[in-house]
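Chemist: Return a 3D structure for these sequence lines:
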Amino acid sequence: MALLTAKSSTIYIATSGSTHVYHSVEEIPPALRRKLQETTRSLNSATILIADKRGREELIRALQGEPSDVRCRLAETIRNRQSQQKASEKRLSRITSVRRFLEFLIPVAIGASLWLLIESHF
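Modeler: I've put the predicted structure just below:
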């Protein structure tokens, strides 16, 4: 029995309230193709490969806003940045609390030293 593999591409582009379907990048008009290339190079872009029935189910789940079991590099990157930001905020919070303590302690120490100096001479 011969095994048959089919490869196809479908590109959906929605602009100005209308959706256009293309079967290859070459079919896309040049101005729209440039815009497509610029947007797909950004951090918020991804490639979706639907290879089987499960891939189609994952796409439908994602479009409906349901959680997915598929790893997402963008989501992982955002989570890592948020955890790093929280860690740096904790360090900054500690530094700020130590600084406030010193801002309170130094004037008290200077005042006590002056008071002792004045009391010891008189």
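
Chemist: Only C-alpha atoms from now on, for both contacts and neighbour counts.
Modeler: Will do.

Chemist: What is the burial count for E57?
Modeler: E57 has 13 neighbouring residues, counting by other C-alpha atoms under 10 Å.

Chemist: next one: the one 3 residues further on
Modeler: Applying other C-alpha under 10 Å, we find 12 other residues in the vicinity of I60.

Chemist: I'd like the distance between it and K90.
Modeler: I60 sits 39 Å away from K90, going by C-alpha to C-alpha, to the nearest Å.

Chemist: give me the low-pLDDT residue ranges for the chain?
Modeler: In the predicted model, the chain carries pLDDT under 70 at residues 1-8, 44-52, 55, 68-75, 122.

Chemist: which residues in this structure form helices?
Modeler: Remark: helices assigned in the chain by DSSP state H are 30-40, 53-63, 73-121.

Chemist: got a markdown table for the ones you listed, with distance to I11 too?
Modeler: Conversion of the helices of the chain to a markdown table gives the following (distance: least, C-alpha to C-alpha, whole Å):
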| stretch | distance to I11 |
| --- | --- |
| helix 30-40 | 11 |
| helix 53-63 | 15 |
| helix 73-121 | 21 |
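
Chemist: right, and those helices - which one's nearest S24?
Modeler: helix 30-40 (10.8 Å; C-alpha to C-alpha).

Chemist: Buried residues, the closest one. List them.
Modeler: By 16 or more other C-alpha atoms under 10 Å, helix 30-40 has no buried positions at all.

Chemist: Looking at strand pairing, list the partners for I11.
Modeler: In this entry, I11 is beta-bridged to Y22, by DSSP bridges.

Chemist: Please list the outside residues in contact with stretch 22-37.
Modeler: S8, S9, T10, I11, Y12 (C-alpha atoms under 8 Å, 6 or more residues apart in numbering).

Chemist: Who wins on neighbours among these?
Modeler: I11 (13 neighbours).

Chemist: T19 is in contact with that one, correct?
Modeler: No - if you go by C-alpha atoms under 8 Å, I11 and T19 don't touch, sitting 10.1 Å apart.

Chemist: Can you give me the neighbour number for F104?
Modeler: Counted by other C-alpha under 10 Å, the residues lying close to F104 total 11.
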